[in-house]
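Visitor: Take this sequence and fold it.
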Amino acid sequence: MTAKATVIDYDCGNLLSVRRALEHCGGEVEITGEPAKIKDAERLVLPGVGSFGNAMEELQKLGLVEQIREFAASGRPFLGICVGMQLMFDSSDEFGMHDGLGMIPGRVRTVPRHGVDGKPHKVPHIGWSKLSPAAASQTWDGTILDGLPTPAYCYFVHSFAAEPADEAHRLSDCHYDGQRLAATVRRDNLWGCQFHPEKSGETGLHILRNFLARD
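Guide: Now for the predicted structure:
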């Protein structure tokens, strides 16, 4: 049976690239901003570009905030991408304080403007970075990162990064001049990628295939 994925359209996402990637992975994709279709989705994808506050405002305008929270509580697979991952958290301090969807405890803060050596570096963090297990004893078996090649590199473009309140919700990290940034998060049926899997070559497609296999 073909896996179905509903991609949320709220004028803040890289919709066509996400759609093509999911279809390349064998998914049947619908793009919609209709609450009723989101309510009945088999699995849900929340992409995101731009600012946190603007993205939340658009979701609220469309009446999707509570619908997304209800979907998340249903146990069905959910994936947030880039700003979509950040929206899963409690709040962000991007251009002032903004409440998020509150699906994973934690907050979103700016990417540190210096490496661990104290030298300034560019923000946003742009480019290919290696994914590392968030804990030394951690395994990716049974997760959306299951079976990734070693090393695995993904493509990042972001000025802000999520900081989970619970270390158990960090699945992978990347390091930007030694600064540890959450790259992949998970909480039960909820998954988030700070990077763009749809722009991350075969590694990103592998992650999307794993997500489509979730039930």
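
Visitor: Tell me which residues are up against the longest helix anywhere in the chain.
Guide: Longest helix of the chain, by residue count under DSSP state H: helix 201-212. With CB atoms under 8 Å, 6 or more residues apart in numbering as the contact definition, helix 201-212 has outside contacts at 3, 5, 21-22, 24-27, 43, 77, 79, 143-149, 152-155, 191, 193, 195-198, 200. From N, CA and C alone the C-beta is placed, and that goes for glycine too.

Visitor: Which ones among the residues you listed lie within strands?
Guide: Using DSSP state E, the members of those that fall in strands are 5, 79, 153, 154, 155, 191, 193.

Visitor: about what we covered before: show me how far the longest helix of the chain is from its chain's centre.
Guide: Mean-position distance between helix 201-212 and its chain equals 13 Å (CA atoms, centre = their mean, to the nearest Å).

Visitor: Quick one: mean pLDDT for it?
Guide: Across helix 201-212, pLDDT averages out at 98.

Visitor: Identify each buried residue in it, please.
Guide: Going by neighbour count (16 or more other CB atoms under 10 Å), the buried part of helix 201-212 is 203, 204, 205, 206, 207, 208, 209, 210, 211, 212.

Visitor: neighbouring contacts of the lengthiest strand in the chain?
Guide: As assigned by DSSP E, the longest strand anywhere in the chain is strand 179-187. Identification of contacts with strand 179-187 by CB under 8 Å, 6+ apart yields 85, 88, 103-104, 111-112, 114-116, 125, 129, 131, 134, 143-145, 154, 156, 161-164, 169-175, 191-195.
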